[in-house]
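Asks: Generate a structure from the sequence data that follows.
(one chain, ligands or ions: 1)
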Amino acid sequence: IKRIGVFTSGGDAPGMNACIRAVVRTALYEKLSVTGIYQGYQGMLDGNFTEMTSRSVSNIIQLGGTILKTARCLEFKTKEGRAKAYENVKAAGIDALVAIGGDGTFTGADFFSKEYDIPVICIPGTIDNDLYGSDFTLGYDTATNTVIEAIDKIRDTAASHERLFFIEVMGRDSGCIALNAGIAGGAEAILLPEKETAIDELIAHLSAADGRGKKSSSIVIVAEGDQNGGAYNVAKKVKEKFDYYDTKVSILGHLQRGGSPSSFDRVLASRLGFAAVKELLKGNNRMTVGVRGNEVVTTPLEEAINNKEYKLSSDMLELVQVLAI
Ligand code: ADP
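Replies: Modelled structure (predicted):
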């Protein structure tokens, strides 16, 4: 291979820039050329490319977001769309790809590399930590840290007013952020997409805590995909039967996607960017790179897409209850 095309796609995540930097510099070190593709698959369709030099990635390791931008692109889901993308990619002399993104991005890369003779290596980038093939995805650690900062701040006001706060965090299908940030933030209870929590059970739990004199610090973390329909619905249902507390809801929203990446995410991004280029140089195709037990590992792309691993450890689910006494 002579020229790698690198892009970020789908939901943005802190650490994507550190990853772009690692891909670009590893490739240049290996005497390859690099094309930056703007806006993911949309940029392939539009031919929105830029030549990357070592200096194009200076001073970005600490930046959130992605300098290459990201987008959702419906046209790439069609065969015709991908054909158009291929024409542009080929015309630009790109003969290998590194894709940074989530599940959808992986699926697009799988189709594309099966239809055309362009090897692709995928890097898991999403704050949700919901991809098979890596213990951690880019952005997850930073997002969790952002959430606990917010929980700590809300706790100050919750304690002062003796209020019960329902804090909604991101995670439509994955409770990773909710569970980890909830434990780190000392939450009273954590509601997850993967696990049904009966409102009566939650109320019994809250009133028992109240009986133990815990009223001044009650924080309940609700993942956006919780089975009761999110924080507003949970708060409403609790209030209908348990009108003891002054109840408030706080939806953290998109602030969870931004910010300077943590040291963990920067190192992970650097390792995976480096590894992706090395895999291409070995002649590999349709793989993801990730970390398992602090070792960089590869997984066949198809397996990463199809395998829905359950990442919530049972000890963590249990300890939430135990540590809330
Ligand atoms: P994420 O990568 O974060 O999961 P999306 O699900 O939006 O985000 O996927 C990113 C992009 O990947 C989509 O906008 C689309 O261009 C492409 N993509 C997703 N699913 C497919 C598919 N089934 N076939 C082809 N391309 C797809």
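Asks: Tell me the strands beside the helix or strand containing residue 222, with direction?
Replies: Here residue 222 sits within strand 218-223, counting by DSSP states H and E. For strand 218-223, the paired strands and their directions (DSSP bridges) are strand 163-169 (parallel), strand 189-191 (parallel).
Asks: Take those strands and lay them out in JSON lines including mean neighbour count.
Replies: Any C-beta I mention is one placed from the backbone N, CA and C, and that applies to glycine too. As requested, those are exported to JSON lines (neighbours: other CB atoms under 10 Å):
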{"stretch": "strand 163-169", "mean neighbour count": "25"}
{"stretch": "strand 189-191", "mean neighbour count": "25"}
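Asks: Name the residues that touch the strand holding residue 222?
Replies: For strand 218-223, the external contacting residues (CB atoms under 8 Å, 6 or more residues apart in numbering) are 151, 154-155, 158, 163-171, 174-175, 177-178, 181-182, 185-193, 202, 206, 209-210, 228, 230-231, 234, 245.
Asks: In three-state terms, label the nearest residue to residue 50 once chain neighbours are set aside for me.
Replies: If the residues on either side of it in the chain are set aside, residue 50 comes closest to residue 36, at 4.5 Å by CB to CB, 6 or more residues apart in numbering. Here residue 36 is strand, with the state taken from DSSP: H, G, I helix; E, B strand; the rest coil.
Asks: Run through the residues that contact residue 36.
Replies: Taking CB under 8 Å, 6+ apart, one finds 5, 6, 7, 20, 24, 49, 50, 51, 52, 56, 68 in contact with residue 36.
Asks: which of these lies closest to residue 306?
Replies: residue 7 (22.9 Å; CB to CB).
Asks: Quick check: beta-bridge partners of the closest one?
Replies: Assessed by DSSP bridges, residue 7 has beta-bridge partners residue 99.
Asks: neighbours of it, just the number please.
Replies: If you count neighbours by other CB atoms under 10 Å, residue 7 ends up with 30.
Asks: Please identify the helix or strand for the residue in the stretch 101-250 of the chain positioned nearest to the ligand.
Replies: Nearest residue of the stretch 101-250 of the chain to the ligand, counting by CB to the nearest ligand atom: residue 104, 2.1 Å away. Residue 104 belongs to helix 103-115 when assigned by DSSP H and E.
Asks: who does that helix touch, helix- and strand-wise?
Replies: helix 79-91, strand 96-101, strand 120-124, helix 301-306 (3 or more CB pairs under 8 Å, 6 or more residues apart in numbering; DSSP states H and E).
Asks: With mean neighbour count added, can I get these in a markdown table?
Replies: Shown next, in a markdown table, are the helices and strands packed on helix 103-115 (neighbours: other CB under 10 Å):
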| stretch | mean neighbour count |
| --- | --- |
| helix 79-91 | 16 |
| strand 96-101 | 28 |
| strand 120-124 | 30 |
| helix 301-306 | 18 |
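Asks: Up against the ligand, what does the chain have?
Replies: Counting by CB under 6 Å from any ligand atom, the chain comes close to the ligand at 9-11, 41, 72-73, 76-77, 101-105, 107-108, 111, 126.
Asks: how does it look with 8 Å?
Replies: Within the chain, the positions near the ligand by CB under 8 Å from any ligand atom are 9-11, 40-42, 71-77, 82, 101-108, 110-112, 125-126.
Asks: Which residue is the nearest non-sequential neighbour of the closest residue to the ligand within the stretch 201-325 of the chain?
Replies: Here the stretch 201-325 of the chain gets closest to the ligand at one residue, residue 305, 9.4 Å apart by CB to the nearest ligand atom. Nearest residue to residue 305 in three dimensions, chain neighbours excluded: residue 106, at 5.2 Å (CB to CB, 6+ apart).
Asks: who touches the helix or strand hosting residue 274?
Replies: Assessed by DSSP H and E, residue 274 sits inside helix 263-281. With CB under 8 Å, 6+ apart as the test, helix 263-281 has contacts from 1, 4, 14-23, 26-27, 30, 32, 61-62, 96, 98, 119, 121-124, 136, 138-142, 261, 287, 289-291, 296, 298.
Asks: swap in stretch 231-249?
Replies: For stretch 231-249, using CB under 8 Å, 6+ apart, the contacting residues are 158, 161-168, 191, 199-200, 202-203, 206-207, 210, 215, 218, 220, 222, 226, 228, 250-251.
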